[in-house]
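# generate coordinates for the sequence data below:
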Amino acid sequence: MLVYALKRTREQQNEIKSNTLEEDIDNGGVDPNDPETIILTNEYNRKFRVRSITMANIPANEFVDTDGRRLEGIREQSLYVLCHAAMPSVLVEIGYINNHEEEEYLNSEEGQEAIVNTIVRSIQVYKDKVEQVVR
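Residues are numbered from 1 along each chain as shown. The predicted model follows:
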């Protein structure tokens, strides 16, 4: 599991501003250089990071506990796809095709079905968790 590492912070802040505050900025209601906007952007950044880590733990546990897969842990990476999400985000690494056993599992119908089922189950668990907090 990979979550965003705080190395491309400026890119992520720009993405949050353009996606989350875009309408307010376009309507002239928010100045992107205003200290209040910067604080708000930083708070979104913190909230998204915490939620990403929470989200990453769910499939990590599901893959290990339910599917018996090996896990290398949750790691931080400054990947473009993660820093430009402007929302909680996780990149799931299932296995490595340079490992013969994992390649067979990843290419098998049984392996692909198990992987999809685990990801779908994990999304449902996360969704239920988020909805409970909102209530």
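
# quick one, grab the pLDDT at Glu132.
Actually, residue 132 is Gln rather than Glu. With respect to pLDDT, Gln132 scores 88.

# from Tyr126, how far out is it?
11 Å (Cβ to Cβ, to the nearest Å). Any C-beta I mention is one placed from the backbone N, CA and C, and that applies to glycine too.

# more neighbours, the two?
Tyr126 (19 against 8; other Cβ atoms under 10 Å).

# show me the contacts for the more buried one.
Thr54, Met55, Ile58 (Cβ atoms under 8 Å, 6 or more residues apart in numbering).

# which residues does the second one contact?
Applying Cβ under 8 Å, 6+ apart to Met55 gives the contacts Pro88, Ser89, Val90, Tyr126.

# one more: Ile94?
Here Ile94 is in contact with Phe63, Arg69, Leu106, Ile115 (criterion: Cβ under 8 Å, 6+ apart).

# now do the residue nearest the centre of the chain, the pLDDT please.
With distances taken as Cα atoms, centre = their mean, Ser89 lies nearest the centre of the chain, 1.6 Å away. For Ser89, the pLDDT comes out at 86.

# next, it: phi, psi?
phi -150, psi 150 (degrees, to the nearest 10).

# quick one: contacts for it?
By Cβ under 8 Å, 6+ apart, Ser89 lies in contact with Val3, Tyr4, Phe48, Ser52, Met55, Val81, Leu82.

# give me that answer again for 6 Å
Ser52, Leu82 (Cβ atoms under 6 Å, 6 or more residues apart in numbering).

# ok, now how distant is it from Val116?
Distance from Ser89 to Val116, by Cβ to Cβ: 19 Å.
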